[in-house]
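**Student:** structure, please.
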Amino acid sequence: MSTSKRPDYVYRAMTATDVPSAHALSVQLKWPHRLEDWAMLQRVAQGFVVEDQGRLIGTAFTCAQGDYATIGLVIVDDEYQGQGIGRKLMELAIEACGSRTAILNATLAGAPLYASQGFVDFGHIQQHQGLALPPVPQGLADDERCRALTEADHAQMIRLANAGSGLDRQAVLTDLFDVVEHAVGIERDGQLCAFALLRPFGRGRCIGPVIAQNPEQARHLIAVLLARVPDAFVRIDIPSDTGLGPWLEEAGLKQVDTVAQMARGTPPQATGSVRQFVLVTQAVG
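**Tutor:** This next block holds a predicted model:
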């Protein structure tokens with residue numbers, strides 16, 4: 001096909017009917033997302049697509065989360081690279097942020113484009129995955145106990161997720177709760193102070209988010225969830241500065257990629273005594 005830019009490319013909002021074509025595009029690019037993973041993001045975020053004579057050739061999402069908005073799944077068909085399509089999709093995604101601060105996780109290939117649009121690095125995310133060798137959960141403090149979580153804990157989980165990420169997680173977590181297979185938390189004096197979720201994602205399962213007060217709590221929660229799925233392929237995305245990387249490697253979850261955290265303004269900060277040790281996904285932070 002000709003590589004010249006065509007005047008009839010159509011940029012528009014994504015709808016639920018676009019999800020199968022968007023998923024097919026990601027499969028073509030060997031991205032691991034399932035149809036259900038795309039559908040989740042389409043429900044909680046504002047999506048954009050670009051078409052060439054009715055064929056979907058690119059996507060982008062903006063997920064508003066309080067004072068911030070995460071941009072993700074910016075994809076352009078390989079046949080259409082180098083025509084400014086990715087830049088136009090990013091312009092639409094940034095415009096959809098409104099007054100919110102835009103943040104994203106950038107691949108090595110995408111980082112130069114984002115830097116040219118005002119994004120600045122503020123950290124790195126490590127992708128770990130594999131068939132885990134479930135470690136024995138290390139002991140908790142004497143006044144802490146780990147337990148399974150239920151619907152009655154949802155409000156506290158959202159409160160902790162907001163504090164740990166600096167984002168408003170109400171919409172994202174409310175949607176995730178419907179597909180979570182296991183939710184575990186740590187309680188102190190009757191108050192939830194840490195939690196972790198496990199759900200289907202990509203090639204198997206995903207653990208995230210994990211919100212905790214310290215690495216010991218985070219490791220305990222992850223170990224408990226890994227023990228629930230000893231034969232499953234598991235993916236975890238962690239900020240590099242959590243210090244969990246070597247421990248995950250020992251558990252069989254090898255580091256397979258690193259991406260840059262970038263913000264178009266001041267990045268979000270954790271508040272209170274908790275932080276986010278594991279992301280929900282790279283697309284929503």
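**Student:** which stretches of the stretch 1-150 of the chain form helices?
**Tutor:** Remark: helices assigned in the stretch 1-150 of the chain by DSSP state H, counting those that start in this stretch are 19-28, 35-44, 85-97, 111-116.
**Student:** one more: the stretch 151-285 of the chain?
**Tutor:** Using DSSP H, counting those that start in this stretch, helices in the stretch 151-285 of the chain cover 154-165, 170-176, 215-228, 245-250.
**Student:** just these: most buried one?
**Tutor:** Mean neighbours per residue, mean count of other Cβ atoms under 10 Å, is largest over those for helix 215-228, with a mean of 22. (Glycine included, C-beta is placed from N, CA and C.)
**Student:** now that helix - C-alpha only, PDB.
**Tutor:** Extracted C-alpha coordinates of helix 215-228, given in PDB (Å, rounded to 0.1, in the frame of the first residue of the first chain):
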ATOM      1  CA  PRO A 215       7.600  -3.800  51.400                       C
ATOM      2  CA  GLU A 216       7.100  -6.500  54.000                       C
ATOM      3  CA  GLN A 217       3.300  -6.200  53.800                       C
ATOM      4  CA  ALA A 218       3.400  -6.000  50.000                       C
ATOM      5  CA  ARG A 219       5.500  -9.200  49.800                       C
ATOM      6  CA  HIS A 220       3.200 -11.000  52.200                       C
ATOM      7  CA  LEU A 221       0.100 -10.100  50.200                       C
ATOM      8  CA  ILE A 222       1.700 -11.100  46.800                       C
ATOM      9  CA  ALA A 223       2.900 -14.400  48.300                       C
ATOM     10  CA  VAL A 224      -0.600 -15.200  49.500                       C
ATOM     11  CA  LEU A 225      -2.100 -14.500  46.100                       C
ATOM     12  CA  LEU A 226       0.600 -16.500  44.200                       C
ATOM     13  CA  ALA A 227      -0.200 -19.500  46.500                       C
ATOM     14  CA  ARG A 228      -3.800 -19.300  45.100                       C
END
